[in-house]
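Novice: heads up, no residue letters with this:
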């Protein structure tokens, strides 16, 4: 038997994670609350404040709730339209659809297999999201109706691969018009361990997809205004001096924070991550970060001559020399590109400054 006091305590302490819904056996709603930060950024959590008693009556198969349910089954052959549920279908459908779109990097969506996946995958995500919300509580729906509705949104996706909202709207309309029906008998999700395992598995998939989307599509900006994709910045970070000396770096960043505050610290963290691979490149060439292009070129030639595979006679050292030579080449290319880019930026800034001075004169 569910206890209303316990339900409200869980609502207050873990409601944004859907703990009260899990306690009441409403696992789908618990997952939606967790995945949407409290049911659409806390709106659903707040609405539960006055909805919880009804949920407790349902969980306990209270006679008053069952009598009301029987009355609904007689008066409404199909579940009536509900604004809150329809809104939830739109939000979750869009969230799941755009999530499947984000797992494909933007540069791969212009042609070929990447473009096909960017067109096909989002409607399936939309259908799953709409279907999930439509099956909360004492109603159920088929998967076919939201999927057909989502696929009808393909013309908009063909025009622009991230334009999935028309498909979401059609899917939500279809599931309410053709897909839902009453479920008189309350579904039993099984033992609590099984339910928790299923929710954990779904949560891990959801988190992994968001992680992939962020990794493949986000970027960081360093103090020179250069934008580096995370999928390049993160591997460079694991080769950076900051990673190798993490303990010392964390101590230094903490001291820096105490002196200069968060905004300056944020910039320091970006620099410490070495997103461009600049610090690692200097380390490979054995130079400090004040070296000019002439010094970089000179050092590169010395090391390239020393580690050229053709110069190594020992067969056991051939592979090592080849790897080292490639690393030296990559470090030289990285520094050359960075210095060339910054030189170009500085030249443009000087030209703008001269132009502004002439204009003022």
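Specialist: Cool, the structure landed. Keep in mind the model is a prediction, meaning the values are calculated, not measured.
Novice: only C-alpha atoms for contact and neighbour calcs from this point on.
Specialist: OK.
Novice: was I right about residue 218 contacting residue 232?
Specialist: No. Between residue 218 and residue 232 there is no contact under CA atoms under 8 Å: 10.5 Å.
Novice: In the stretch 251-361 of the chain, where is pLDDT below threshold?
Specialist: 353-361 (pLDDT under 70).
Novice: how about residue 30, what does it touch?
Specialist: 17, 18, 19, 20, 21, 22 (CA atoms under 8 Å, 6 or more residues apart in numbering).
Novice: for residue 32, same thing?
Specialist: Contacts of residue 32 (CA under 8 Å, 6+ apart): 18, 39, 92, 133.
Novice: Please produce TSV containing those residues, extended by distance to residue 258 and neighbour count.
Specialist: Converted to TSV, those look like this (distance: CA to CA, whole Å; neighbours: other CA atoms under 10 Å):
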residue	distance to residue 258	neighbour count
18	37	27
39	37	26
92	42	26
133	47	25
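Novice: re earlier: show only the entries of the contacts of residue 30 found in helices.
Specialist: Judged by DSSP state H, the subset of those located in helices is 19, 20, 21, 22.
Novice: And for the third one, nearest residue in space, chain neighbours not counted?
Specialist: Here the nearest residue to residue 21 in space, its sequence neighbours aside, is residue 30; by CA to CA, 6 or more residues apart in numbering that works out to 5.0 Å.
Novice: Tell me how far the one you found lies from residue 266.
Specialist: 35 Å (CA to CA, to the nearest Å).
Novice: for residue 260, same thing?
Specialist: From residue 260 to residue 266 the distance is 10 Å (CA to CA).
Novice: For those two, indicate the residue with more neighbours.
Specialist: For the pair residue 260 and residue 266, the greater number of neighbours falls to residue 266 (13 against 10), based on other CA atoms under 10 Å.
Novice: Quickly find the element holding the more buried one.
Specialist: helix 262-272 (DSSP states H and E).
Novice: Next, the buried residues of that helix.
Specialist: The neighbour-count check on helix 262-272 (16 or more other CA atoms under 10 Å) flags 265, 268, 270, 271, 272 as buried.
Novice: Closest to residue 155 out of the ones in helices among the contacts of residue 30?
Specialist: Ranked by distance to residue 155 (CA to CA), the ones in helices among the contacts of residue 30 are led by residue 21 at 37.8 Å.
Novice: For residue 229, grab phi and psi.
Specialist: Taking degrees, to the nearest 10, you get phi -60, psi 140 for the backbone angles of residue 229.
Novice: That one bridge partners, please.
Specialist: Beta bridges link residue 229 to residue 219, judged by DSSP bridges.
Novice: That one contacts residue 235, doesn't it?
Specialist: No. Using CA under 8 Å, residue 229 is not in contact with residue 235, being 10.6 Å away.
Novice: domain assignment for the protein?
Specialist: 1-75, 80-217, 226-276, 280-361 (automatic domain parsing).
Novice: Span of the longest one from start to end?
Specialist: Spelled out, it's domain 80-217. 40 Å.
Novice: Repeat that for the first one.
Specialist: Length of domain 1-75, first residue to last, CA to CA: 29 Å.
Novice: Same check on stretch 57-71?
Specialist: Termini of stretch 57-71 sit 16 Å apart (CA to CA).
Novice: Tell me the gap between it and the middle of its chain.
Specialist: Centre-to-centre, stretch 57-71 and its host chain are 40 Å apart (CA atoms, centre = their mean, to the nearest Å).
Novice: Relative to residue 311, which of the ones in helices among the contacts of residue 30 is nearest.
Specialist: residue 19 (66.2 Å).
Novice: Grab the nearest non-local neighbour of that closest one.
Specialist: Leaving aside its sequence neighbours, residue 19 sits nearest to residue 10 (CA to CA, 6+ apart; 5.9 Å).
Novice: tell me which element the one you found falls in.
Specialist: Assigned by DSSP H and E, residue 10 falls in helix 4-14.
Novice: For that helix, enumerate the helices and strands it packs against.
Specialist: helix 19-23, helix 43-59 (3 or more CA pairs under 8 Å, 6 or more residues apart in numbering; DSSP states H and E).
Novice: hmm, 6 Å instead?
Specialist: Helix 4-14 sits against helix 19-23, with contacts defined as 3 or more CA pairs under 6 Å, 6 or more residues apart in numbering; DSSP states H and E.
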